[in-house]
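S.K.: below are the sequence and a predicted model for it; my questions follow.
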Amino acid sequence: MPQSVEALPGNPEAILPEVELGIQDRIPSEVSESPDKHADADKAGQLDAISQEFDPLIPAESQFEVRVNDHHGRYMVSRVPLALGSWFLVETPLVCWPLSRQEGSFRLQRRPLRFPSQAMGNQGFCSPDPQGGDAPVKPVHPCYFPMYVVKVTDFLQMDGPPEAHHALLRKGLLRQWQPGLFVIFVSHQWLGRSHPDPDGQHASILRRSLEGMIEGTLQAEFEIEDEAPSRRRLLEPSKISQGFLFLDWFAIPQITARAVGVNEQATKTDAARAVQSIPFYVEVSDVLLALVPELVHTETGQYCNYTSWFSRGWCRAELWCHVLSNKRDKSVVVVHSTLEAKFMQSWDWQNNIVVDGEFTVEKDRAVVGSLGRRAIESKIAHLSEEGPLEAYRYFLARQAAMLGQPSKTWDMNGFLERFKFPSMEVAVKDTSSMNAVMCAVMSGDVMMLRLLATYAADLNFTIYGLNSLGFRDSFTVLMAAVKSNQPASLIASLIHLRADVSRRADIGDNVVCHVKRPEHVQVLLQARADFHTAHEPFCFTPLTQASGMTSAPTLKALLMARCDPNPSQSGLGITPLIGSIRFARGSPHALESVSLLLDYRADINARAAPRGAFAWVALQARARSLCI
């Protein structure tokens, strides 16, 4: 049944690899039989429509590319970026290859990526549209001190280290926020103890980055990863150029910035009120911009970057107040340099809970913890009233873990009532993306899981509709349990209740690829899961895929289980060492993980070596990058 790809118009037939395609099982026949040459890809993309409430970081209505996938003899079609096969060459997906059906075979057609031309009212760098866009959302957090912002155009005219609040106030450059202003909240790590940017390095990078966004030479892209389709969104220059910036040094009175005639006691009071109002400031801002270039702290000599920013408790609090707000667009842009800006990956913020952050003042931990609790409780209450139901169930189930609390054990009536199931019989037959089994798993509730099993609940169903929360379509319940870092006792219970450790997801990964704890490794070893085999299409071994996504102790457990640090390269052609380096940003374990792999004699000179279709795609991407 599979057919070979035919020659693309204008391309020599000799350079094309033999790739076999077929229609994914879940795509309806009316999609696969469509006579329109672009209908298959377009309609298939509609099947992956993403709920805004499920997608706190990624703009909606994104276009998807076609991915070729051979899974257990089945031929499936889904979407990945053109440059996915060349992670280490370029990341500029400029064309996609929609699928059409002609005379019993499938053919790839070349066409440009399409971006919505409308004003991005629910996408990256957007604000509520007073002419009929998003309705204003009532803030959850209180405001104790006015929110002061600076016009972007005024900021672009500044030079050197940023001036403090009182200086800008005297110059008339500060404006109080009011509804309707487009505001970019800049979250950053201070580079000095008494001044956030003593040498003006952050300010310079921010100015040049904003200029690039306005001129169109810099655009935020999605991190290319195996866990979500790539979605690219052009920024809207007019919104930025006419917008405002919130920066703490500008907006909050600072006692460290002493000035003649300034009442220090009043400043302390105003500063305290402003700090208490930060969650409100974040909540009413349109975009959170994390300014995280690789710089050195002027006094400690330590590197300040994406990883160190993510370690800070207050930075995490700002992030959480943004992504857990009830506004429709919750995009987060991460600026690594004047040449690189990316949208934050969906899973990143869930992996960094507020109460585990680092605080200069330890008593702030309790304060920030209460802010996180308020944000989550408000989110759950909003979803309970407004929906969608699946999102409500997800955040309710994850609430304890996100707050750093022990897993909650439900009694049957409480479980059914809180998760809104009318009866246990209905609950076990529910096939939604957050059914009763997923609610129990995400809650870490082993007893409820066992109870559901006695009612013959399906513990091997395939997950769908949770892509934006980090769980790909085709994941099993067991994979979701491991990836969400559930206790080993829950993983063992799932396996005891006949969850299948041998199942594979769409890119060929199994449950071992997603381990998060050394205890996960031990449980899966006892269950005789496959720790060594790479499967098409990506051909990642479990060690390769886990290397950049797990902790160093877990990586060591995999190596001690005799996982090969130098596997044969096929598919995407990635080694564990390359994978670990590729996803080092934001990982506090990166250095230790790389050292471990080298200790186990990982080949430091190994290069990424895409094979087959990926080799051809990588070649095309590299050629395209040379023409830019």
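M.R.: Noted; the coordinates are in hand. Numbers count the residues shown, from 1 in each chain.
S.K.: so what are the domain limits for the chain?
M.R.: For the chain, the structural domains run 3-112, 148-356, 501-628, going by automatic domain parsing.
S.K.: mind naming the longest helix for the protein?
M.R.: Counting residues, the longest helix found in the chain (DSSP state H) is helix 364-386.
S.K.: and the helix or strand following that one, what does it pack onto?
M.R.: For helix 364-386, the succeeding helix or strand toward the C-terminus, using DSSP states H and E, is helix 389-402. When contacts are defined as 3 or more CB pairs under 8 Å, 6 or more residues apart in numbering; DSSP states H and E, helix 389-402 packs onto helix 364-386, helix 436-443. Quick note: C-beta positions are derived from backbone N, CA and C, even for glycine.
S.K.: pipe these into CSV and attach mean neighbour count and distance to L291 per row.
M.R.: Output for these, formatted as CSV (neighbours: other CB atoms under 10 Å; distance: least, CB to CB, whole Å):
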stretch, mean neighbour count, distance to L291
helix 364-386, 17, 20
helix 436-443, 26, 33
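S.K.: kindly report which one of these carries the lowest mean pLDDT.
M.R.: Sorting these by mean pLDDT places helix 364-386 lowest, at a mean of 91.
S.K.: what does that one rub up against?
M.R.: Contact with helix 364-386 is made by 53, 140-141, 279, 313-314, 316-317, 320-321, 324-326, 353-355, 357, 359, 391-392, 395-396, 399, 402-404, as judged by CB atoms under 8 Å, 6 or more residues apart in numbering.
S.K.: where does pLDDT dip in the stretch 101-250 of the chain?
M.R.: Applying pLDDT under 70 to the stretch 101-250 of the chain picks out residues 101-137, 223-235.
S.K.: again, 90 this time
M.R.: Residues of the stretch 101-250 of the chain that meet the criterion pLDDT under 90 lie in 101-142, 193-194, 216, 219-238.
S.K.: low-confidence ranges in the stretch 451-600 of the chain?
M.R.: 467-470, 472, 507, 548, 582-589.
S.K.: what about the strands in it?
M.R.: For the stretch 451-600 of the chain, strands defined by DSSP state E, counting those that start in this stretch do not occur.
S.K.: so where do the helices sit in it?
M.R.: Under the criterion DSSP state H, counting those that start in this stretch, the stretch 451-600 of the chain carries helices at the ranges 477-483, 488-496, 518-526, 542-546, 552-560, 576-582, 590-599.
S.K.: make CSV out of these and add mean neighbour count and distance to E294.
M.R.: Shown next, in CSV, are the helices of the stretch 451-600 of the chain (neighbours: other CB under 10 Å; distance: least, CB to CB, whole Å):
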stretch, mean neighbour count, distance to E294
helix 477-483, 25, 29
helix 488-496, 20, 36
helix 518-526, 20, 31
helix 542-546, 27, 26
helix 552-560, 20, 21
helix 576-582, 24, 15
helix 590-599, 18, 13
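S.K.: and these: which comes nearest V275?
M.R.: Closest to V275 of these is helix 590-599 (CB to CB; 31.6 Å).
S.K.: which secondary structure elements does that closest one sit against?
M.R.: Packing contacts for helix 590-599, counted by 3+ CB pairs under 8 Å, 6+ apart, involve helix 552-560, helix 576-582.
S.K.: how about the ones you listed, which one is nearest H535?
M.R.: That would be helix 576-582 among those, by CB to CB, at 15.9 Å.
S.K.: what about M412, how many residues nearby?
M.R.: 13 (other CB atoms under 10 Å).
S.K.: surely L577 is in contact with D564?
M.R.: No. In this structure, L577 is not within contact of D564 by CB atoms under 8 Å, at 11.8 Å.
S.K.: for D445, grab the count of nearby residues.
M.R.: By other CB under 10 Å, 22 other residues sit near D445.
S.K.: nearest to Q620 among the helices of the stretch 451-600 of the chain would be which one?
M.R.: helix 576-582 (20.4 Å).
S.K.: now that closest one, how far from the chain's geometric center?
M.R.: Taking CA atoms, centre = their mean, to the nearest Å, one finds the center of helix 576-582 at 19 Å from the center of the full chain.
S.K.: show residues contacting that helix.
M.R.: 87-88, 540-541, 543-545, 547-548, 555, 563, 565, 567, 574, 590, 593-594, 597-598, 602-604, 606, 608.
S.K.: so how far is Q569 from the nearest residue to A488 once chain neighbours are set aside?
M.R.: Distances taken as CB to CB, 6 or more residues apart in numbering place E519 nearest to A488, at 3.6 Å, with adjacent residues excluded. With distances taken as CB to CB, to the nearest Å, E519 is found 30 Å from Q569.
S.K.: how is the residue nearest to L218 when sequence neighbours are not counted assigned, secondary-structure-wise?
M.R.: Spatial nearest neighbour of L218, excluding adjacent residues (CB to CB, 6+ apart): G212 at 3.0 Å. Secondary structure state of G212, per DSSP: H, G, I helix; E, B strand; the rest coil, is helix.
S.K.: give the contact list for G212.
M.R.: 218, 338-339.
S.K.: highest neighbour count among the residues you listed?
M.R.: L218 leads the contacts of G212 on contacts (other CB under 10 Å) with 20 neighbours.
S.K.: any idea how far that residue is from R207?
M.R.: Applying CB to CB to L218 and R207 gives a distance of 12 Å.
S.K.: could you do D500 as well?
M.R.: When D500 is compared with R207 (using CB to CB), they lie 54 Å apart.
S.K.: next: A164.
M.R.: Applying CB to CB to A164 and R207 gives a distance of 18 Å.
S.K.: could you do A381 as well?
M.R.: Computed as CB to CB, the A381 to R207 distance reads 40 Å.
S.K.: nearest to F222, of the helices of the stretch 451-600 of the chain?
M.R.: For F222, the closest of the helices of the stretch 451-600 of the chain is helix 576-582, at 14.8 Å, according to CB to CB.
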